[in-house]
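Colleague: Dropping the sequence and predicted coords here.
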Amino acid sequence: MSASATGVLLTGAGKRYDIVASFARLTHTVVADPSPLAPAQYAAHVRAAVPLIEDPLYIDALAAICEEHAIGAVLPLTDLDIEVLAHARAAGRLPALVPSPDVARATYDKYEAHLLLERLQLPSPPTVLPEHDLDAQHYPVMVKPRRGSGARSIHLARDPAQARFFAAYISEPVMIQRAMGGEEFSIDCLGDSTGRCLNAIPRTMIESRGGESIKGTVIRDDELIELAVRTMEALVVTGPATIQVFRDPDIGLGITDVNTRFGGAFPAPVYAAHPGRTYPELIVALASGESVEPHVGEFRDGVTFTRYYWQIELDGQLRPTGREIVAGGPPAPRG
């Protein structure tokens, strides 16, 4: 990476037009996505078609983009390539803002994540595999894929017979985790290149759809903030992460997921951050080699977000036509 590298490369952008647009407002932004129909790529300055993640040439393609466009930070917007990018970062090939390969691998596998959290003395709900003694578990439990995303194939089991049925029914490796009671929260965090937690912003989970938060309120909760900082720094997370937590009335806090990327509720920490300290702004500063000091707890609480849908018309060559279904684009919200 050259001293003048300030651009940002986003991989697997999919529908996250809000994330891409936020970076494009700040710096030269490139989206690399194998799908020609990924809508978020049209918010970037440059769209780059790349091989599929499993292709041996995937990292070569990203490295060439970084060289051509003076990229100072590579950020995944999906779970699928975090570990691949982590290995490339460890090898010095990409300036990827991702954790170590071991942490990337463990957090992508929910059972391995549970074991890792336990080793680090971080709270995780009781979790077992189907071959363990299911009769000895506390019910109800959640039966879910170890590498699931988007709330896919998650089932509530009220007794051992149901747990065995769903474990056999789901056509991929699963785990069985105590169904947590109480309220669910997410904490949106950012770590610098050394793994220091720069900020941790908790929010409620008012509504989720397909496993992605679409409504929530930023709250000030010192217990959640402290847990998030401990988790980020124990895992030495570089870049964004979303930590999902339940506060169970019987067993207290339990971490159910650590996603080392931006979460669905990306707008929440952007709205809540003080001026100049949104996560995209801090990432652009890190990309340019600036040092950013931790400012944990410095944000505005009480901010609520609610997400909605919009679209892009493409011509026969998949180029944006510029036409909108409402003249002038999305209208400003009315008070």
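Modeller: Here it is on my side, so go on. Residues are numbered from 1 along each chain as shown.

Colleague: my guess is R247 is in a strand, correct?
Modeller: Yes - the assignment for R247 by DSSP: H, G, I helix; E, B strand; the rest coil puts it in a strand.

Colleague: Provide the partner residues of it in its beta bridges.
Modeller: Bridge pairing for R247 (DSSP bridges) gives the partners E183, L253.

Colleague: was I right about it contacting F185?
Modeller: Yes - checked against Cβ atoms under 8 Å, the pair R247 and F185 is within contact range at 7.1 Å. C-beta coordinates here come from the backbone N, C-alpha and C atoms, glycine included.

Colleague: So which of those two has more stuff around it?
Modeller: Per other Cβ atoms under 10 Å, whichever of R247 and F185 has more neighbours is F185, with 22 against 17.

Colleague: do you know how far the residue lying closest to that one once chain neighbours are set aside is from G211?
Modeller: With Cβ to Cβ, 6 or more residues apart in numbering as the measure, V245 is the residue that lies nearest to F185, at 5.0 Å, once sequence neighbours are left out. Using Cβ to Cβ, to the nearest Å, we find V245 at a distance of 15 Å from G211.

Colleague: Give the next helix or strand downstream of the strand or helix carrying D60.
Modeller: D60 is part of helix 58-69 when elements are defined by DSSP states H and E. Proceeding C-terminally, helix 58-69 gives way to strand 71-76 as the next helix or strand, assigned by DSSP H and E.

Colleague: who's in contact with that following strand?
Modeller: For strand 71-76, contacts defined as Cβ atoms under 8 Å, 6 or more residues apart in numbering pick out 1, 5-12, 30, 62, 65-66, 82, 85, 94-98, 239-240, 261-262, 283-284, 286-289.

Colleague: For the buried ones among the residues you listed, write the corresponding PyMOL selection.
Modeller: Under the burial definition 16 or more other Cβ atoms under 10 Å, those of the contacts of strand 71-76 that qualify are selected in PyMOL by:
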select buried, resi 1+5+6+7+8+9+10+11+12+30+62+65+66+82+85+94+95+96+97+98+239+240+261+262+283+284+286+287
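
Colleague: Show me how far stretch 37-52 is from its chain's centre.
Modeller: For stretch 37-52, the separation from the chain centroid amounts to 19 Å (computed by Cα atoms, centre = their mean, to the nearest Å).

Colleague: what do you get for stretch 137-154?
Modeller: The gap between where stretch 137-154 is centred and where its chain is centred comes out at 19 Å by Cα atoms, centre = their mean.

Colleague: any residues touching it, and which ones?
Modeller: 79, 108-112, 126, 128, 155-160, 163, 166-167, 170, 172-179, 208, 210-212.

Colleague: end-to-end on it?
Modeller: The separation between the terminal residues of stretch 137-154, taken as Cα to Cα, to the nearest Å, is 18 Å.

Colleague: Buried ones in it, by neighbour count?
Modeller: Applying a neighbour-count criterion of 16+ other Cβ under 10 Å, the buried positions in stretch 137-154 are 137, 139, 141-149, 154.

Colleague: in the helix or strand bottoming out on mean pLDDT in the chain, what counts as buried?
Modeller: Lowest by mean pLDDT, DSSP states H and E among the helices and strands of the chain is strand 207-209, with a mean of 87. Applying a neighbour-count criterion of 16+ other Cβ under 10 Å, one finds S208 buried in strand 207-209.

Colleague: Check stretch 202-216 too.
Modeller: For stretch 202-216, a neighbour-count test (16+ other Cβ under 10 Å) marks 202-205, 208, 213-216 as buried.

Colleague: got it, and stretch 236-256?
Modeller: The neighbour-count criterion (16+ other Cβ under 10 Å) identifies 237-248, 251, 253-256 as the buried residues of stretch 236-256.

Colleague: Spell out, range by range, the helices that occur in this protein.
Modeller: Read by DSSP state H, the chain holds these helices, from start to end of the chain: 17-24, 58-69, 82-90, 101-108, 110-119, 160-169, 222-235, 267-272, 279-287.

Colleague: picking up where we left off before, partner strands of the least confident helix or strand of the chain, parallel or antiparallel?
Modeller: Partners of strand 207-209 in its sheet, by DSSP bridges: strand 212-217 (antiparallel).

Colleague: What mean pLDDT does stretch 42-62 get?
Modeller: For stretch 42-62, the mean pLDDT works out to 96.

Colleague: export it as PDB, just CAs?
Modeller: Extracted C-alpha coordinates of stretch 42-62, given in PDB (Å, rounded to 0.1, in the frame of the first residue of the first chain):
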ATOM      1  CA  TYR A  42     -23.900   1.700  -8.700                       C
ATOM      2  CA  ALA A  43     -23.200   4.000  -5.700                       C
ATOM      3  CA  ALA A  44     -19.400   3.500  -6.100                       C
ATOM      4  CA  HIS A  45     -17.100   5.500  -8.300                       C
ATOM      5  CA  VAL A  46     -15.800   2.200  -9.900                       C
ATOM      6  CA  ARG A  47     -17.500  -1.100 -10.500                       C
ATOM      7  CA  ALA A  48     -15.200  -4.100 -10.800                       C
ATOM      8  CA  ALA A  49     -16.200  -7.600 -11.800                       C
ATOM      9  CA  VAL A  50     -14.100 -10.200 -10.000                       C
ATOM     10  CA  PRO A  51     -14.000 -14.000  -9.900                       C
ATOM     11  CA  LEU A  52     -16.100 -15.900  -7.400                       C
ATOM     12  CA  ILE A  53     -14.600 -16.100  -3.900                       C
ATOM     13  CA  GLU A  54     -13.700 -19.800  -4.300                       C
ATOM     14  CA  ASP A  55     -11.600 -19.000  -7.400                       C
ATOM     15  CA  PRO A  56      -7.800 -19.000  -6.800                       C
ATOM     16  CA  LEU A  57      -7.600 -15.800  -8.700                       C
ATOM     17  CA  TYR A  58     -10.000 -13.900  -6.400                       C
ATOM     18  CA  ILE A  59      -7.300 -12.300  -4.300                       C
ATOM     19  CA  ASP A  60      -5.100 -11.600  -7.300                       C
ATOM     20  CA  ALA A  61      -8.000  -9.600  -8.800                       C
ATOM     21  CA  LEU A  62      -8.500  -7.700  -5.600                       C
END
